[in-house]
Every structure is written in C-alpha cells, then in structure tokens.
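Colleague: sequence? don't have it. structure:
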C-alpha cells in the first residue's frame, strides 16, 4: 500500500456586520458584530474545509456548498466539515493535522481556542493535538485592521492509503 502525503491551503474572509452572531470554529463568541454569510459565516471552518478539499483535489467549498443553494442558508459550517470528512473517508484520506490562523483586530480569541479546537477535532475525528489555532491582528491596517472583516487561513496535511 503506497502512502501519499498531500498539503492543502484554505482562505476565507467575511465582512463583520451587526445583528449576526460571531461563529468561529463552531463556537459562538460574544461580540457586538458577527460574520456575514449565507451559512453561519464561520470563516475559520470554511478555510479548513477548503484546505482539506484542496489537499484531496476535491474542489472547493463553493462547489460542494454553493451559496445559491437555499438548503445551506444559515447552515452550520461544522456540518459542512463533517460532510467533507465523509468525502475524504471515501477517498481513503486521513487528516494528519490542521493549522489555522484567524486574522482580526477584535475580539480577543485566545480564550476560545480550546473550544474551537475541540469542535473542529471532533468534526474531523482527530485528536485536539492535531488541530492548531492562533490569531493575529493587522495592526489596524486595511479593512481587517479597521474592524470591517475577519479573515482566516488554514493548511491541512492529509495522508492517502490507497
């Protein structure tokens, strides 16, 4: 059985708007604004979904969960991640690790890392030690630095045992 290691990257950005909950990594974070999106707007989970799909050459989040499809309106992005894991299982890909960065000025996210890692690792059926989350600011530069948006990037390493 040949082993095949593959890396995928993911990126997502959503505008911060009033009247929406802020959901990152499946965790609702107390904040006066949330991420605009067709689903729950969870940019962290979206970036991870894209990283996993990319590593397995299975397209991107828009192919599998198009915003034009009303069944995805308000959907949990954690459910998207679970579906992607089923796709990976079908292709005999196993997640080795995921490393993600959240880019925002506020709120302070470090108190929520453990809950995010727990949600994401459970959805990916891997240990928390295989999921890294960190955050950075933009030093008040650009739309993210001005508090208008939150961006996330992720990298995933998967192994194929075909």
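Modeller: All right, it came through fine. Keep in mind that this is a model prediction, so the values were computed, not measured.

Colleague: rest of the way, CA atoms for contacts and neighbours
Modeller: Fine.

Colleague: what ranges do the helices span in the chain?
Modeller: 43-55, 61-64, 77-90, 113-124, 142-145 (DSSP state H).

Colleague: Single out the most deeply packed of those.
Modeller: Comparing the helices of the chain by mean neighbour count (mean count of other Cα atoms under 10 Å), helix 43-55 ranks first with a mean of 27.

Colleague: just checking, what packs against the lowest-mean-pLDDT helix or strand in the chain?
Modeller: Ranking every helix and strand in the chain by mean pLDDT, DSSP states H and E puts helix 61-64 at the bottom, with a mean of 92. If you count contacts as 3 or more Cα pairs under 8 Å, 6 or more residues apart in numbering; DSSP states H and E, helix 61-64 packs onto helix 43-55.

Colleague: In the chain, where's the longest strand?
Modeller: Criterion DSSP state E: the longest strand present in the chain is strand 4-18.

Colleague: so what's the spatially most central residue of the chain closest to, chain neighbours aside?
Modeller: Nearest to the geometric centre of the chain sits residue 45, at 1.9 Å (Cα atoms, centre = their mean). Among residues not flanking residue 45 along the chain, residue 25 sits closest, at 5.4 Å (Cα to Cα, 6 or more residues apart in numbering).

Colleague: separation between that neighbour and residue 15?
Modeller: 17 Å (Cα to Cα, to the nearest Å).

Colleague: between the two, who's got more neighbours?
Modeller: residue 25 (24 against 18; other Cα atoms under 10 Å).

Colleague: ok, so what distance separates that one from residue 64?
Modeller: Taken as Cα to Cα, the span from residue 25 to residue 64 is 19 Å.
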